[in-house]
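**Q** 3D model of this:
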Amino acid sequence: EVQLQASGGGLVQAGGSLRLSCAASGFTFDDYAIGWFRQVPGKEREGVSCIVSTDGGTYYADSVKGRFIISSDNAKNTVYLQMNSLKPEDTAVYYCGVVRSWLGNEYDYWGQGTLVTSPA
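**A** Just a heads-up that it's a prediction; the model follows:
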């Protein structure tokens, strides 16, 4: 059974930092791209970042480029999202998932999200 569990969310003032973790199981981690997306009620899902396990390639949304860093520990089947210089507009529920298409913002699997709140 494919499982992805996001954790690490919380409340942090604008300008602060958080690190999210995504623990994955039930599939061959090294064969897939894992991504983070976020969602705010009433808005469309937004892809935040993606890492390709096979070659370590990374992708970022323009809105987070230069502030967020995605990384993975393949030995632990875990992907991290280091979020720096947080802004109020980063407030959302963050999910991690197995990416089907980064450009298409499509995911095959995802788990429960973790809430990040960054008030002004």
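
**Q** just checking, what packs against the strand or helix carrying Gly97?
**A** Taking DSSP states H and E as the definition, one finds Gly97 inside strand 92-101. Judged by 3 or more C-beta pairs under 8 Å, 6 or more residues apart in numbering; DSSP states H and E, strand 92-101 is in contact with strand 3-7, strand 18-25, strand 33-39, strand 46-52, strand 78-83, strand 106-110, strand 114-117. The way it works is simple: take the backbone N, C-alpha and C, and place the C-beta from them, glycine included.

**Q** okay if I get these as TSV plus mean neighbour count?
**A** Formatted as TSV, these follow (neighbours: other C-beta atoms under 10 Å):
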stretch	mean neighbour count
strand 3-7	18
strand 18-25	19
strand 33-39	24
strand 46-52	21
strand 78-83	22
strand 106-110	17
strand 114-117	18
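
**Q** Would you convert those into a markdown table that also reports distance to Ile69 and mean pLDDT?
**A** Formatted as a markdown table, those follow (distance: least, C-beta to C-beta, whole Å; pLDDT from 0 to 100):
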| stretch | distance to Ile69 | mean pLDDT |
| --- | --- | --- |
| strand 3-7 | 16 | 96 |
| strand 18-25 | 9 | 96 |
| strand 33-39 | 11 | 96 |
| strand 46-52 | 8 | 96 |
| strand 78-83 | 4 | 97 |
| strand 106-110 | 20 | 93 |
| strand 114-117 | 15 | 98 |
